[in-house]
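Novice: generate a structure from the sequence data that follows.
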Amino acid sequence: MIPHNRPTLGIEEEEAALRVLRSGWLTQGEEVISFENEFCKFLGLPEGHAVAVGNGTSALFLSLWVLNAKNKKISIPGYVCSALHNSVSMIGGNENVIDTSPNSPNLDLNLLKKSNSDIAILPHMYGIPIDITNLENNLIIEDCCQALGATINNKQVGLHGTVGIFSFYVTKLMTSGGHGGMFVSTDKELVNRVKDFREFDEREDYKPRFNFQMTDIQAAIGRIQLKKLPDFLKRREEIFQRYKKEGLDLLDIDEDVKHISPVRYRAILKTINAQKIISSLQNIGIKSIIPTDEYIISENESKYPNSSKFTKETLSLPIYPTLKDSEIDNILSVLVTK
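Specialist: This next block holds a predicted model:
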C-alpha cells in the first residue's frame, strides 16, 4: 500500500530522542528553548519570539486567549478543519463563517472586509499563502500549520498577522515526533503572556494557567526535522511539478503571481470524479483522500457555495519526501490517459 502520507524520519531523529532519554530530563527544558530559538532564526524573528507547545490546536487556543477573544466576533473559513471551529467555541467567541474565494481554497478577503470581525483566523490552505499584507482593522491569527516555509513578498508566513501558529503533527511538513506546535509573534508582550500561561507549575502566584508544554523529546526531534525541512520542501516541489507536467489539474497559485511562494503540503487534484478516482487508486493499493470535509458548512451549503464545491470536487494525492519515483509512476498510471 502507498499511504496518503508518511513521516520522514531517520537515524538522526532516533539519536536525538535517545540523547534526551539518557539525559534524565524529559519534560520542557533546554531542548525546547533551543528549538524555539532555532525556529525564530528560520523565520527571521529575534530570539525569544516563539513559544513551543504540545500541538497546533494548543497554539491556536493560546492565540485566541492572548487576543482576549471571548465574546468577540471571530471569522473563520467555511473550508477548513474542525480545530478552528472547536477552538472558537472553547474560548467563548462568536463564530462567523466566511466562504472561500471562487478559485482558491483560502478565505475570501473581500467578504472578510465586509464582516466587521474583531479577529480573523486565516489559514494558508495546503501551503498556498493568502495575501493578508493589505488587511486593516482586524486582529489576525495567521494559521501556518500547512505552510511552514512559504513566503509573501519574501517574508515568511507567520510574520504578517498579529500572531502566527504552526503545527508539527505527524502528517505536517515536519514533525516533532507525532504532535507539537509553535506560537510566534513580533509583539514580545503577547509572546511573554503566552509563555507565562504555559508555565503552569511552581509559580508564586495563583493565576489560572494550563499545561500546554512541549517535551524535550519532542523538541529534540523537531530540531532535527527543522534542519531537514529545506530538503523536504524541495522534494515535495519536485513531486508536485511531476504531477503538473503529466497534465494533472492541481490547486496552485496563478502563474502571474510572483510575490507569493507556496510550499507543497498537499497535491490537490481538481475533479468532478473524486470518489471514483479514490476507488480506482485504492484498487491498486494507493491511498488518496477528500482533503477537507463539510464539517462546518454541512447544514448550510448554499450559503458557502465555493467551500461546498471544494469539498465535493477535489481529492488529495500522496506527496511526501520519501515517495519513490516508481510509486509516482503507479499513481499517474491511473490518472493519466496516454
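
Novice: so what's the most centrally placed residue in the chain closest to, chain neighbours aside?
Specialist: Centroid-nearest residue in the chain: Cys145, 1.5 Å away (criterion: C-alpha atoms, centre = their mean). Residue nearest to Cys145 in three dimensions, not counting chain neighbours: Ser167, with 3.7 Å by C-beta to C-beta, 6 or more residues apart in numbering. In short, each C-beta sits where N, CA and C put it, glycine included.

Novice: Thr27 now?
Specialist: Thr215 (5.6 Å).

Novice: shouldn't that neighbour be in contact with Leu26?
Specialist: Yes. Assessed by C-beta atoms under 8 Å, Thr215 is found in contact with Leu26 at 6.0 Å.

Novice: more neighbours: those two, which one.
Specialist: Neighbour tally, Thr215 and Leu26, criterion other C-beta atoms under 10 Å: the higher count belongs to Thr215, 22 against 13.

Novice: how far away is that one from His49?
Specialist: Thr215 sits 21 Å away from His49, taking C-beta to C-beta, to the nearest Å as the criterion.

Novice: go through the least confident helix or strand in the chain by mean pLDDT and flag the buried ones.
Specialist: For the chain, using mean pLDDT, DSSP states H and E, the weakest element among its helices and strands is helix 305-312, scoring a mean of 93. For helix 305-312, the neighbour count (16 or more other C-beta atoms under 10 Å) marks Asn306, Ser307, Ser308, Lys309, Phe310, Thr311 as buried.

Novice: kindly report the same for stretch 162-173.
Specialist: Quick answer for stretch 162-173 (16+ other C-beta under 10 Å): Thr162, Val163, Gly164, Ile165, Phe166, Ser167, Phe168, Tyr169, Lys172, Leu173.

Novice: partner residues bridging the second one?
Specialist: According to DSSP bridges, Ile141 are recorded as the beta-bridge partners of Val163.

Novice: burial measure for the nearest residue to Leu335 once chain neighbours are set aside, as a count.
Specialist: The spatially closest residue to Leu335, leaving aside those adjacent along the chain, is Leu248, at 6.2 Å (C-beta to C-beta, 6+ apart). By other C-beta under 10 Å, 19 other residues sit near Leu248.

Novice: contacting residues around Leu248?
Specialist: Ala267, Leu269, Leu317, Leu335, Val336 (C-beta atoms under 8 Å, 6 or more residues apart in numbering).

Novice: give me the element it is part of.
Specialist: Assigned by DSSP states H and E, Leu248 falls within no helix or strand.

Novice: quick revisit: closest one of the buried residues of helix 305-312 to Asp329?
Specialist: Phe310 (28.0 Å; C-beta to C-beta).

Novice: so that closest one sits against Tyr79, correct?
Specialist: Yes. Under the criterion of C-beta under 8 Å, Phe310 makes contact with Tyr79 at 5.2 Å.

Novice: hmm, back to that, export the buried residues of stretch 162-173 to JSON lines and tack on pLDDT?
Specialist: Putting these into JSON lines (pLDDT from 0 to 100) gives the following:
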{"residue": "Thr162", "pLDDT": "97"}
{"residue": "Val163", "pLDDT": "98"}
{"residue": "Gly164", "pLDDT": "98"}
{"residue": "Ile165", "pLDDT": "98"}
{"residue": "Phe166", "pLDDT": "98"}
{"residue": "Ser167", "pLDDT": "98"}
{"residue": "Phe168", "pLDDT": "98"}
{"residue": "Tyr169", "pLDDT": "98"}
{"residue": "Lys172", "pLDDT": "98"}
{"residue": "Leu173", "pLDDT": "98"}
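
Novice: nearest to Val66 among those?
Specialist: Closest approach between those and Val66, by C-beta to C-beta: Val163, at 7.2 Å.

Novice: ok, residues contacting stretch 253-267?
Specialist: 126-129, 131, 146-154, 172-173, 233, 236-237, 239-240, 243, 248, 250-252, 291, 316-319.

Novice: mind checking which of these are buried?
Specialist: Judged by 16+ other C-beta under 10 Å, buried ones among these: 126-129, 131, 146-152, 172-173, 233, 236, 239-240, 243, 248, 250-252, 291, 316-319.

Novice: which ones among those lie within helices?
Specialist: Applying DSSP state H to these, the entries found in helices are Leu233, Arg236, Ile239, Phe240, Tyr243.

Novice: list the contacts of the last one.
Specialist: With contact set as C-beta under 8 Å, 6+ apart, Tyr243 has these partners: Leu250, Ala267, Leu317, Ile319, Ile328, Leu332.
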